[in-house]
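>>> Output the structure for:
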Amino acid sequence: MATVADLMVRDVLTVEPSDTIGEAAEKMNAANVGAVVVIEDMVRIVGIVTERDLLRAVASRARAAEARVRQWMTADPVTIGPELTIEEAAKIMFDNNFRHLPVVKDGRALGIVSLRLLSRWAFEQSVQSAH
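Now for the predicted structure:
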C-alpha cells in the first residue's frame, strides 16, 4: 500500500510566527502552493497558514499584509506521520475538511500533503486500474 511518504511534497515552505502575513502570501504565491508551515526554533511546527487564513486576514479589513503570522495562523495543526497510508491521510483530510496536512516525524517537518496531491494520486490510480 502506498504511504504518505510516497506522496508528500518534501520541500516544505516555512515561515516564523513573527513574519508578516504579506511575507507568507508572497512565499505561497511564488511557489504556487496553498499553505506554508509555521515553525519555531528552526524545526518545531507551531502552526500552518493556508489560503483560507489569508482570506480571513484580508476580510478582516485590518492591515493584513503587515499583520503577524501568529495572529492568523491555525495554531497546533493536526499532523500525520509518513508511514500512514494515503487512504488514512485522505480520511483525516475529508473528515476534518482540511486541504493540507503537515507530515512530521520526531517533531520535524518532513513534508506536506495537499488535497491536490490526493486528487492527482486518485486519478492516476483510476487510470492504472482501467488498463
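>>> Just the buried residues of the longest helix along the chain, please?
Secondary structure assigned by DSSP state H gives helix 115-130 as the longest helix of the chain. Neighbour-count burial for helix 115-130 flags 117, 118, 121 (criterion: 16 or more other C-beta atoms under 10 Å). For glycine as for every other residue, the C-beta is placed from the backbone atoms N, C-alpha and C.
>>> Stretch 65-79 now?
Neighbour-count burial for stretch 65-79 [16+ other C-beta under 10 Å]: 67, 69, 70, 72, 73, 74, 77, 79.
>>> same thing with stretch 92-107?
Result for stretch 92-107 [16+ other C-beta under 10 Å]: buried residues 93, 98, 100, 101, 102, 103, 104.
>>> Can you report phi and psi for the last one?
Reported as degrees, to the nearest 10, the phi and psi values for residue 104 are phi -130, psi 140.
>>> For it, report the pLDDT, please.
On pLDDT, residue 104 comes in at 94.
>>> Could you list everything it pairs with in the sheet?
Here residue 104 sits in beta bridges with residue 109, as judged by DSSP bridges.
>>> Was I right to think it contacts residue 44?
No - between residue 104 and residue 44 there is no contact under C-beta atoms under 8 Å: 9.6 Å.
>>> Show me what the longest helix of the chain is packed up against.
helix 4-7, helix 86-96 (3 or more C-beta pairs under 8 Å, 6 or more residues apart in numbering; DSSP states H and E).
>>> in the shortest one, what's buried?
Buried residues in helix 4-7, counted by 16+ other C-beta under 10 Å: 4, 5, 7.
>>> remind me which residues of the protein are low pLDDT?
62, 131 (pLDDT under 70).
>>> now, which of the buried residues of stretch 65-79 sits nearest residue 108?
The nearest member of these to residue 108, counting by C-beta to C-beta, is residue 79 at 10.6 Å.
>>> For residue 122, see how far away the closest one is.
22 Å (C-beta to C-beta, to the nearest Å).
>>> what distance separates the start and the end of stretch 103-121?
17 Å (C-alpha to C-alpha, to the nearest Å).
>>> So that it lines up with my notes, have the first residue be 308 from now on.
With the count now opening at 308, the last piece we talked about shows up as stretch 410-428.
>>> Thanks a lot, catch you later.
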